[in-house]
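Participant: need the 3D shape of this:
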Amino acid sequence: MHFEFKSSSLDLIESFWQFEISEQNISVPFLLVGQTRDPAIAFDRSHVNFRSVLIGQISSVAIYIITTTNFDDNLYSQIIVAV
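Facilitator: So this is what the prediction gives:
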């Protein structure tokens, strides 16, 4: 079973679901609760210097995004499912 959620806010969200297997006549209600956290991301530099560039010429510099968000290894154990 796989759940994917894309939050539009950083609140605690509750979602009520009904898991069904029609061929076996099984229906189980459950509540999925989750909380979205703001990621801790930054660029690898505070400024970009393109040096001297003539008008009409192209210059490029690579900028990397660094994440320092600590993702728990036991993320799935934090998902609360009430059946």
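Participant: how close does the residue lying closest to Ser7 once chain neighbours are set aside sit to Ser9?
Facilitator: Distances taken as Cβ to Cβ, 6 or more residues apart in numbering place Thr36 nearest to Ser7, at 3.8 Å, with adjacent residues excluded. C-beta: built from backbone N, CA, C; applies to glycine. As judged by Cβ to Cβ, to the nearest Å, Thr36 and Ser9 stand 7 Å apart.
Participant: neighbour count for these two, which is higher?
Facilitator: In terms of neighbours (other Cβ atoms under 10 Å), Thr36 is the more surrounded of Thr36 and Ser9; the figures are 14 against 7.
Participant: quick check: the more buried one touching Thr69?
Facilitator: No - look at Thr36 against Thr69 with Cβ atoms under 8 Å: they stay out of range, at 12.0 Å.
Participant: contacts only, for Pro39.
Facilitator: For Pro39, the set of contacting residues under the criterion of Cβ atoms under 8 Å, 6 or more residues apart in numbering consists of 67, 69.
Participant: work out for me the element Arg51 sits within.
Facilitator: For Arg51, there is no host helix or strand (DSSP states H and E).
Participant: got the contact list for the closest residue in space to Val28 that isn't next to it in sequence?
Facilitator: Nearest residue to Val28 in three dimensions, chain neighbours excluded: Phe19, at 4.7 Å (Cβ to Cβ, 6+ apart). Neighbouring residues of Phe19 by Cβ under 8 Å, 6+ apart: 1, 26-30.
Participant: go on, Ile21?
Facilitator: Contact criterion Cβ under 8 Å, 6+ apart gives Ser27 as the residues in contact with Ile21.
Participant: I'd like the distance between it and Val28.
Facilitator: Taking Cβ to Cβ, one finds Ile21 at 9 Å from Val28.
Participant: residue furthest from the geometric center of the chain?
Facilitator: Relative to the mean C-alpha coordinate of the chain, counting by Cα atoms, centre = their mean, the farthest residue is Leu54 (40.9 Å).
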